[in-house]
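Chemist: let me see the structure of the following:
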Amino acid sequence: MPWFLLVIAGLFEVGWAVGLKYTQGFTRLWPTVGTVGAMAVSIGLLGWAIRTLPVGTAYAVWTGIGAVGTVLLGIVLFGEPATAARLACAALILAGIVGLKLTA
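Modeler: A predicted model of the protein is given here:
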């Protein structure tokens with residue numbers, strides 16, 4: 001169950017990271033409310049997961065999910081470049097996440 005919570009926390013991290021773009025510097029009310037809500041859920045679930053998971057592993061996996069998810073959504077939603085180097089670096093982060101899960 002803690003790994004499931006950690007993955008959901010990571011997905012909410014992607015949500016708030018992408019949501020920051022839509023807040024336009026926290027000047028738009030509803031995107032700001034959604035972003036702050038996603039932040040709270042993400043941190044809350046991370047806190048719940050680290051009650052039983054090693055904190056270093058959990059934090060690295062959480063930020064890794066956030067980083068890879070944000071890179072991919074940046075490409076899809078905002079037309080950011082999908083160069084081979086960017087995708088390879090995202091794949092390396094993903095490999096690190098899997099490695100940490102397998103060794104925890």
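Chemist: what strand or helix carries the one residue sitting closest to the centre of the chain?
Modeler: Of all residues in the chain, the one closest to the mean position by CA atoms, centre = their mean is residue 66, 1.7 Å from it. Assessed by DSSP states H and E, residue 66 sits inside helix 55-78.
Chemist: cool, and residue 46?
Modeler: Going by DSSP H and E, residue 46 is in helix 29-49.
Chemist: the spatially closest residue to the residue nearest to the centre of the chain that is not a sequence neighbour: how many residues sit nearby?
Modeler: Among residues not flanking residue 66 along the chain, residue 13 sits closest, at 3.5 Å (CB to CB, 6 or more residues apart in numbering). Every residue, glycine included, has its C-beta placed from N, CA and C. Using other CB atoms under 10 Å, the number of residues around residue 13 comes to 25.
Chemist: report the separation between residue 13 and residue 5.
Modeler: Going from residue 13 to residue 5 by CB to CB, to the nearest Å gives 13 Å.
Chemist: if we can go back for a sec, ok, the residue nearest to residue 66 - contacts?
Modeler: Residues in contact with residue 13 (CB atoms under 8 Å, 6 or more residues apart in numbering) are 38, 42, 62, 63, 65, 66, 69.
Chemist: now with 10 Å?
Modeler: Residue 13 makes contact with 38-39, 41-43, 45-46, 62-67, 69-70 under the criterion CB atoms under 10 Å, 6 or more residues apart in numbering.
Chemist: and what of residue 82?
Modeler: Counting by CB under 10 Å, 6+ apart, residue 82 touches 71, 72, 74, 75, 76, 90.
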